[in-house]
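Q: sequence first, predicted coordinates after that:
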Amino acid sequence: MSKFVTLNGNQTIGEAARQIDPDVIAAYPITPSTAIVETIAKFKADGLISGEFVCPESEHSAMSLCIGAASAGGRVMTATASQGLALMWEMLYIAAGLRLPIVAAIANRSLSAPINIHGDHSDTMGARDSGWIQIYSENCQEAYDNFIQAFRIAEHLDVRTPVLVGLDGFIISHSMEVIQVEDDAEVKKFIGEYKSLYPLLDSKVKMTVGPIDFTDYYFEHKRNQLEGIENAPQVIEEVGKEFGKKFGREYGFFEGYRLDDAELCIVAMSSAAGTCKDAIDELRSEGKRVGLLKPRIFRPFPHQRISEALIKMKAVAVLDRSSSPGAFGAPLFTEIRSALYDYEERPKITNYVYGLGGRDIKIEHFKEVTDDLEKIAETGKVEKVYSYINLRE
Amino acid sequence: MEKTIEIRWHGRAGQGVVTAAVTLADVLSTEKGKFVQAFPEFGAEKRGAPILAFNRISNKPIRSHSQVYYPDIVVVTDPSLLGMVDIAEGAKENAIFIINTTYELPLIREKLSLGERKIYGLDAYTIAADELGKAIPNVPMVAALIKITQIMDLEKFQKRLKVSLSKKLRPEVVEKNLRTTDRAFKEVKEG
């Protein structure tokens, strides 16, 4: 029987980890993901987790351990944030290059300098070309649901690609909410047994992992690696539907909120999307035809699905919780703008960066964005392609 | 309860203010089946510094994840914050204020220009010092909030509080905490 419990985002991931009980959990604590590691360590000490729990000397070592354990044939997870994810950097690429289905929970946090422990998407956006699948969560419930689905997606034989699940640092990681936790046995049944395709511990099969691969075949192997993430959309969709059938909460590539008759659209990921929904209800009551598109999957980017949802809009505002210095807009914006390029008729589009270092975004800000969108729709002109929300200038 | 109730806690780091918000959320979700949020201010953490914590309480799932700017209830766990931080900032027209204080409540009302809004006070430091041996005001302040809002009776509140506190505290300390809630229920006064 599923039950309603009050947990914060970090405890939510810990609870899912206990239910999944991977063979190896290797993690090094860092704010705001520390409580994930604490919760797991306590479960292990209390005998509620049977897998190995290792807390090595750094995040680089934690990811290295994950890579070793996954190569050996284990189901493996970790958790980190910010500088911790940054320290894993070179190992992230190796995990993806070796097609190891590792799952990581990331309590999204800003990057130094200056030092800041609060929530934004700079950490995972920086890892967007590392080859990992990226899933973003709006609230504690989604963090739990996404984390469970991540194992199914990562381990699918057509995918075999690591997956990271983002939850906003502090805003979700430290926010206590009521969530529906599913029955242990049902979760175990949903994720199923994991069987590694080429376990290094199988002494009958001799092989090498991660050898040198120069100008002769490196390119072909990197091309082959892409197959995994290219196959992911179908699996993500199937797993999201199956999860819905089993637990009553279905997931897709994105969530549309009051989009059907919308002329104006705000695109926002993660916790801000929840606040945006409340703003949209208020704006709708004032007669404004505005909706929300909340991307859930950022890698592989669901360009066609998102374009199809946006194409009939008059004006679109893409809100990014990270910046990409020197680029023509922030990461989510450049993806969406590029995706729309092939359509003859396409909406006017503008980009806002918000919430860096945990700066709050509230209902009023979504109203201001909607005012801008109305103006753009009316005049057909985007005066500023790139601007900021709630920033002192 | 048609609309979401938003609560803003003003306290000082180290007073257990976030724990108070979490405890309230735990009690209301388990005993009353409410949807709840409890979260800290997205700010710095320095012992003794003024801090905020927040709750949202609703009959339906809560979506908003911004901080609370227009509270229905304001709780102040340290009287030295009065006049130092604007505890009434953004508070709704019909907001209620619950303050740990020995000051005269009409004086606070006047000084902070609270107008006709309801204000309640209790000496949570003395209650906690007497019963716990430590002036930690968080549990009596949660109790005062429960009493004033009449959201549940003392017995039901204490039943769940006992479960919640027993996760971290020894049985005799839990009992002492429960005594602070007896007193908070009796001693909180409208001013």
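A: Cool, the structure landed. Numbering: from 1, shown residues only, chains lettered A, B, ... in the order given.

Q: rest of the way, CA atoms for contacts and neighbours
A: Will do.

Q: what about the helix or strand that contains residue B:182, average pLDDT?
A: Assigned by DSSP states H and E, residue B:182 belongs to helix B:171-187. Summarised as a single mean, pLDDT over helix B:171-187 is 97.

Q: buried sites along it?
A: For helix B:171-187, the neighbour count (16 or more other C-alpha atoms under 10 Å in any protein chain shown) marks B:174, B:175, B:177, B:178, B:179, B:180, B:181, B:182, B:183, B:184, B:185, B:187 as buried.

Q: same check, this time on stretch B:48-59
A: In stretch B:48-59, residues buried by neighbour count (16+ other C-alpha under 10 Å) are B:50, B:51, B:52, B:53, B:54, B:55, B:56, B:57, B:58, B:59.

Q: pretty sure the last one is touching residue B:34, no?
A: Yes. Using C-alpha atoms under 8 Å, residue B:59 is in contact with residue B:34, at 5.4 Å.

Q: quick check: residues of the stretch 201-350 of chain A near chain B?
A: A:271, A:272, A:274, A:275, A:276, A:277, A:278 (C-alpha under 8 Å from any C-alpha of the partner chain).

Q: of all those residues, which comes closest to residue B:19?
A: The nearest member of these to residue B:19, counting by C-alpha to C-alpha, is residue A:271 at 22.3 Å.

Q: residue B:120 and chain A, how far apart?
A: 27 Å (C-alpha to the nearest C-alpha, to the nearest Å).

Q: residues in contact with that residue?
A: Residue B:120 makes contacts with B:96, B:97, B:98, B:99, B:105, B:188, B:189, B:190, B:191, as judged by C-alpha atoms under 8 Å, 6 or more residues apart in numbering or on different chains.

Q: how about the backbone phi and psi for the fifth one?
A: Yep, that's residue B:105 we're talking about. With angles defined as degrees, to the nearest 10, residue B:105 sits at phi -60, psi -40.

Q: got a pLDDT number for it?
A: For residue B:105, the predicted pLDDT is 96.

Q: in contact with it, which residues?
A: By C-alpha under 8 Å, 6+ apart, the neighbours of residue B:105 are B:119, B:120, B:121, B:190, B:191.

Q: ok so the second one is a strand residue?
A: Translated: residue B:120. Yes. With DSSP: H, G, I helix; E, B strand; the rest coil as the criterion, residue B:120 is part of a strand.

Q: beta partners of it?
A: Beta bridges link residue B:120 to residue B:98, residue B:190, judged by DSSP bridges.

Q: that one and residue B:184: what is the separation?
A: Distance, residue B:120 to residue B:184, by C-alpha to C-alpha, to the nearest Å: 11 Å.

Q: the third one too?
A: When C-alpha to C-alpha is applied, the distance between residue B:121 and residue B:184 equals 10 Å.

Q: repeat that for the first one.
A: Between residue B:119 and residue B:184 the distance, using C-alpha to C-alpha, works out to 15 Å.

Q: and the buried residues of stretch B:48-59, which of them are in helices?
A: Among these, no member is found in helices (DSSP state H).

Q: which residue, other than its chain neighbours, is closest to the residue of chain B found nearest chain A?
A: As assessed by C-alpha to the nearest C-alpha, chain A sits closest to residue B:64 within chain B, at 3.9 Å. Counting by C-alpha to C-alpha, 6 or more residues apart in numbering or on different chains, residue A:275 is the residue found nearest to residue B:64 once chain neighbours are left out, at 3.9 Å.

Q: neighbours of that neighbour, how many?
A: As a burial measure, residue A:275 scores 21 neighbours (other C-alpha atoms under 10 Å in any protein chain shown).

Q: related to what we said a few turns ago, now the contacts of residue B:120: which count as buried?
A: B:96, B:97, B:98, B:99, B:105, B:188, B:189.

Q: what residues does chain B put near chain A?
A: Near chain A, when you scan chain B using C-alpha under 8 Å from any C-alpha, you find B:22, B:25-26, B:29-30, B:35-40, B:42, B:63-67.

Q: what's the spacing between the closest residue to chain B within the stretch 151-300 of chain A and residue A:282?
A: In the stretch 151-300 of chain A, the residue that lies nearest chain B is residue A:275 (3.9 Å; C-alpha to the nearest C-alpha). In this view, residue A:275 and residue A:282 are 11 Å apart by C-alpha to C-alpha.

Q: and if you look at residue A:371?
A: In this view, residue A:371 and residue A:282 are 13 Å apart by C-alpha to C-alpha.

Q: still on that earlier bit, dump the residues of the stretch 201-350 of chain A next to chain B to JSON lines, plus secondary structure.
A: Formatted as JSON lines, those follow (three-state DSSP):
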{"residue": "A:271", "secondary structure": "helix"}
{"residue": "A:272", "secondary structure": "helix"}
{"residue": "A:274", "secondary structure": "helix"}
{"residue": "A:275", "secondary structure": "helix"}
{"residue": "A:276", "secondary structure": "helix"}
{"residue": "A:277", "secondary structure": "helix"}
{"residue": "A:278", "secondary structure": "helix"}
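
Q: of those residues, grab the buried ones for PyMOL.
A: Per 16+ other C-alpha under 10 Å, the buried members of these correspond to this PyMOL selection:
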select buried, chain A and resi 271+272+274+275+276+277+278
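
Q: of the residues of the stretch 201-350 of chain A next to chain B, which is the nearest to residue A:53?
A: residue A:271 (29.7 Å).

Q: okay, now the nearest residue to the closest one once chain neighbours are set aside: neighbour count?
A: Spatial nearest neighbour of residue A:271, chain neighbours left out: residue A:138 (4.3 Å); criterion: C-alpha to C-alpha, 6+ apart. Residue A:138 has 25 neighbours, counted by other C-alpha under 10 Å.

Q: residue A:138 contacts residue A:167, doesn't it?
A: Yes. Counting by C-alpha under 8 Å, residue A:167 is a contact partner of residue A:138 at 7.1 Å.

Q: any shared contact partners between the two?
A: Counting by C-alpha under 8 Å, 6+ apart, the residues touching both residue A:138 and residue A:167 are A:270, A:271.

Q: can you give me the strands in the stretch 201-350 of chain A?
A: For the stretch 201-350 of chain A, applying DSSP state E, counting those that start in this stretch gives strands covering A:254-257, A:264-267, A:290-295, A:297-299, A:315-320, A:348-353.

Q: ok, now which ones touch residue A:355?
A: Residue A:355 neighbours (C-alpha under 8 Å, 6+ apart): A:119, A:120, A:321, A:322, A:361, A:389, A:390.

Q: at 7 Å instead, please
A: Shown in contact with residue A:355 (C-alpha atoms under 7 Å, 6 or more residues apart in numbering or on different chains): A:120, A:321, A:361.

Q: looking at these, spot the one nearest residue A:381.
A: Nearest member of those to residue A:381, counting by C-alpha to C-alpha, is residue A:321, at 24.4 Å.

Q: what about the closest one, how many residues nearby?
A: Applying other C-alpha under 10 Å, I find that residue A:321 has 25 neighbouring residues.
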